[in-house]
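> Let me see the structure of the following:
(2 chains, ligands or ions: 1)
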Amino acid sequence: MLVSYNWLKNYVDLGNLTPEELAEKITKSGIEIEGVEYVAEKSTDVVVGYVMSCEQHPNADKLNLCQVDVGDQQLQIICGAPNIAEGQKVAVAKPGAVLPGNFKIKKVKLRGIESNGMICSLKELGIEEKYIPTDIADGIFVFPEDVTVGENVDELLNLNDAVLELDILPNRADALSMLGVAYEVGAILDQQVNLPDEAVTITKDNAAENYISVEVEAADLNPYYGAFIIRDVEIKASPLWMRNYLMAAGIRPINNVVDITNYVLLEYGQPLHAFDYDKFESEKVLVRRAANGETMVTLDDQERTLSEKNLVITNGKEPVALAGVMGGANTEVTAETKNVLLEAAYFNSKSVRGTVKQTGLRSESSTRFEKGIDPNRVKKAGTRACLLMQQFAGGKVAAGAAEFDELDRTENVVEVNLEQINKRLGTEMTAEDVASILKRLKFDFNQGGSLFSVQVPTRRGDITIFEDMLEEVARIYGYDNLPFTLPQGAGLAGALTIRQSLKRKVKNYIEGTGLMEAMTYSLTDEVDIKRLISPEISEHKSTPVALSLPMSEEHKYLRLSILPEILQVLSYNSARNQTNLGYYEVGSIFVSDEPTVTKQPDEKLRLSGALTGKWLEQPWQQEKKDVDFYIVKGIVEGLFDYLKLTVSFRQAKIADMHPGRCAVLEMSGQTIGFIGQLHPILAKELDLKETFVFDVNLEIVFAAYDSIPSYTLIPKYPSVARDIAFILDEDVNAGDVKELIEEIGAPLVNRVDIFDVYQGANLEEGKKSIAYSLLYQHPEKTLKDDEVEESYQKIVASVNEKFNSYVRS
Amino acid sequence: MKEQLEAIQAEALERISQTEDMKELQDIKVAYLGKKGSLTGVLRGMGKLSKEERPVVGEIANKVREVITTAFDGKSEKLEMARLEQQLEAEAIDVTLPGRPVKVGGPHLLTSIVEELEDLFIGMGYEVREGPEVETDFFNFEALNLPKDHPARDMQDTFYITNELLLRTHTSPVQARTMREYKGEKPVKMICPGKVYRRDTDDATHSHQFTQIEGLYVDKNVRMSDLKGTLDTFAKKMFGEEREIRLRPSFFPFTEPSVEMDISCKVCNGAGCNVCKGTGWIEILGGGMVHPKVLEMGGYDPEVYSGFAFGMGPERIAMLKYGVNDIRQFYTNDIRFLKQYHKA
Ligand SMILES: [Zn+2]
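Okay, here's the model as predicted:
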């Protein structure tokens, strides 16, 4: 809502407050002012001039040579505007004047003839183009005849007016009108509100009902409809002050009748609509639901197909307006209009909202109906508009209005008591304080000691319960005046849950290994929704959860894997010459097992990461090393070690992964994720070099985690280390051999490590050597050499037998 | 004989002091104190002395041995030190070469802010609660006093999955869920951080996905002044002790009265500048006293219980605190952007 400071002054005394000071006060009391703008940038020395003569420039077809009286002197000015004519009163920038944009007016010669000043258009005076009436969009502005020659134009054109931009939240529909803002400012400044004149002179012998009748078939959507008749209007420009206020409020003036409906709309917050009575083609207004498939052409010349959800105004036969949204082209007021049928009605907000949503037509009128209007102002606004049409369109107003009226105009009564107010706010107000605030708000009330029974005016339909009134009292009292206290309730202990602190631990660990946390979108596209889904999810028949009305193809599905998003991050960075990258994210995937989603999907927490490029970037001591499978595996193994959980890796094939370099993670036989190299084809598609990923189901990991680790004795008997190297076929997995050693060596062998893998010179083709280091230890005794030797030999024999290997000497 | 011993001592001391070589020093030691050394030789001749002379000369001879030994040990240590020093000098390395690199990652800026806020409110007795990102219409709207067709639903344009399922537009449904879980029987003091979604086109100030932290305190006798005091404590801890807050009336369907909180602008200290658009204040969060209908739907009797709630956006806090000027930067994860904000 744009509020003109000068216009507002007509209703409430603003004292010496500057627009900016007023804005600050309004903001602090409840309605945020988003900005204060001026109608025009400042100009100097622009006055009203009288065009005494106007002839064509002897040397230029499109220029006119004018003699202009500006009061204190006569100026010869060359003007190129098409609408300049002798006898006009115009805005003249005298030589030396400065126009907006720091445009200085000097004496110049145009095609050999001197020009001493400039005749200005509204645009040149700094008014925004979109508010300038279309008929003078390319021309100069012409004043009404009654202005005084030589007078400064600033005030005449309201150029110095400030406009406050109010951000109106849904509860304050009352402030979508000048009167509403006046009541608000009146309460803030403790000032009276001066109401506009509604005393229309009527033609007594001629009632509106003689011209029109009103029937409403949908009283639920339209509880009040008033039809006013104004005859013999003269369509012309509205008075200058009205045009000024409309332009300041962001509305382009059109003609007096239309301007008046807009002016009253802004003044009362009541939308009005003027029909050309002679085009109405009946003497009856019938308001009804549209028939399915019925069509009408609206004022913007669009044909609209309607349904029974739309409320329409008809002439008994066909629609003439979409109720509360837009009029029809067939009954539009034009320059030829003589008789006006003026509608002042109350349309239900849900009905208007529905039509707005369906048609996409949102206007100053529909916005007000949608947010709710004041039932007590509907008819008053109609009367006010009639008065203005009488005054500024020369119309004869028929008596009364043809009406349908089932409107509820009851005022809410809200009870509040002082103790309740102080208890809830933490204040120490007195009954006098509360009474004074209610008076400032212009709310009628009955007071019995500390108990107040407040009669809420219908303009404040948002106030229905104690808490609403509490807010009114608090904001006029001033939020600044509330004390600072801390809750008195018994102290509660706050702490992270085990799951929350575990999540932090996992993230800290991963960051400690050199990875950067990414935060990516949960919504993904058609392609990524199918990629890199961990087997335990994809085997589970997960249905992608899709938005019913996505905004774009890019963000359509709720992800089933975080990895595609992380890979996008790698791509983004590597396209910017950042090639050595490691990212991870802990976040949810959304799994549904319904064929058609009807219930909330399972949100499963996962840890996913991806690495590419050099692992160590500038190691001068050692070889620069690319990220490889084992670096990623080390990170994952470290995590499980840190959480004291056992994980195993099993070679596997997963779509989009390198078929030979991929493993699933298993915990107690259950798949809980995977690691490996991204398939080179996919890597290439993403413009990435060799890329390695990991993906862990944190739900299963967290469920297995034991926050209190079991206590094990530190062994006090000495350990014995034995090394052993096997020559194996190259396709034997080191892990399988290790598992066998552990199995055979138990319980004496307490730990097995791989310390060397060799393939190449000195070994036969197709063979490799893997060296294991075995640690023998017994919890209760010192092991004897022969016990160790016996176990050792048993291991050698078993491995050689199973894997067709031999011990390297 | 006495003269002979003194001469040996003088000569030995002279030679020890002269030498700078460990090997030579060893030789000198042998030459005087060894089995065939000159002192030993003299002592061997003691048998020829009289009974009276013998102890006197013996005593002198022991003294000489002691003096020479001490001198030898001293010199030996000195030479050893010199040798070690020389050796260590030779072991000098180039300390200006870079150290062996250790990779250090780090949290996302938003995580840092969320965790800072979590810790701050945990310290004030709040628990941290989480909830689903795919919510029901009931918990996202209806339980928060936003019935279907409520005009304020337009304030939060929503991604729907079905008529009843949607992506939560705020983390407030976690509050509704927690109240129901606590069955109106005990105080609720919680914050809920998490991802939220709105139908917005991504640009410098809008993101279809962003994070939010909301707080809720429901108890007997909770006052609006408690909200003001709590927010003041939060603002000072988060933005600095010298910051001031102001509350302005606002509107949210789930609170009444509702507030918007501003903090005094750090850049201009309230004088007005570009950052605060000349007002001296910067909007940080919204909140208010929990609407009685929300309490009721959560199972709390509004006649007995009252409460306050507030909500804020970590992105906005990051933008203010660190001057990030485009919300999309949080989600593109440019390594150069993320690394800027890492510090211990
Ligand atoms: Zn500032």
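
> CA atoms for contacts and neighbours, from now on please.
Noted.

> And for whatever residue of the stretch 1-150 of chain B ends up closest to the ion, the neighbour number?
Nearest residue of the stretch 1-150 of chain B to the ion (CA to the ion) works out as B:Ile113 at 22.1 Å. By other CA atoms under 10 Å in any protein chain shown, the residues close to B:Ile113 number 19.

> Could you check how many residues crowd around the nearest residue to it once chain neighbours are set aside?
Excluding the flanking residues, the one nearest B:Ile113 by CA to CA, 6 or more residues apart in numbering or on different chains is B:Pro314, at 6.4 Å. Other residues within reach of B:Pro314, judged by other CA under 10 Å, total 23.

> ok, back up a step: does the residue of the stretch 1-150 of chain B closest to the ion count as helix, strand or coil?
helix (DSSP: H, G, I helix; E, B strand; the rest coil).

> Now do the same contact list for it.
The contact partners of B:Ile113, by CA atoms under 8 Å, 6 or more residues apart in numbering or on different chains, come to B:314, B:317-318.

> Where do the helices of the stretch 201-350 of chain A begin and end?
In the stretch 201-350 of chain A, the segments counted as helices under DSSP state H, counting those that start in this stretch are A:240-248, A:256-268, A:349-359.

> And the stretch 51-200 of chain B, by the same measure?
B:53-90, B:109-123, B:137-140, B:172-182.

> Can I get those helices in CSV including distance to A:Asp729?
Converted to CSV, the helices of the stretch 51-200 of chain B look like this (distance: least, CA to CA, whole Å):
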stretch, distance to A:Asp729
helix B:53-90, 49
helix B:109-123, 49
helix B:137-140, 61
helix B:172-182, 58
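
> Would you tell me which of the ones you listed gets closest to A:Lys380?
Smallest distance to A:Lys380 across these (CA to CA): 40.6 Å, for helix B:137-140.

> if you compare the helices of the stretch 201-350 of chain A, which one is most tucked away?
Ranked by mean neighbour count under mean count of other CA atoms under 10 Å in any protein chain shown, those are led by helix A:256-268, which reaches a mean of 25.

> before we move on, back to that, among the helices of the stretch 201-350 of chain A, which comes closest to chain B?
helix A:349-359 (7.3 Å; CA to the nearest CA).

> what about the closest one, average pLDDT?
Mean pLDDT, helix A:349-359: 89.

> can you list contacts of it?
A:221, A:304, A:309-311, A:323-325, A:362, A:366, A:369-372, B:149.

> helices and strands of chain A: which one has the lowest mean pLDDT?
strand A:202-207 (a mean of 76; mean pLDDT, DSSP states H and E).

> cool, chain B as well?
helix B:38-44 (a mean of 79).

> quick revisit: the ion next: which of the contacts of helix A:349-359 are close?
The overlap between the contacts of helix A:349-359 and the neighbours of the ion (CA under 5 Å from the ion) is empty.

> quick one: which of these is nearest to A:Tyr642?
B:Asp149 (51.7 Å).

> how about the nearest residue to that closest one, chain neighbours excluded?
That would be A:Lys350: by CA to CA, 6+ apart, it lies 7.3 Å from B:Asp149.
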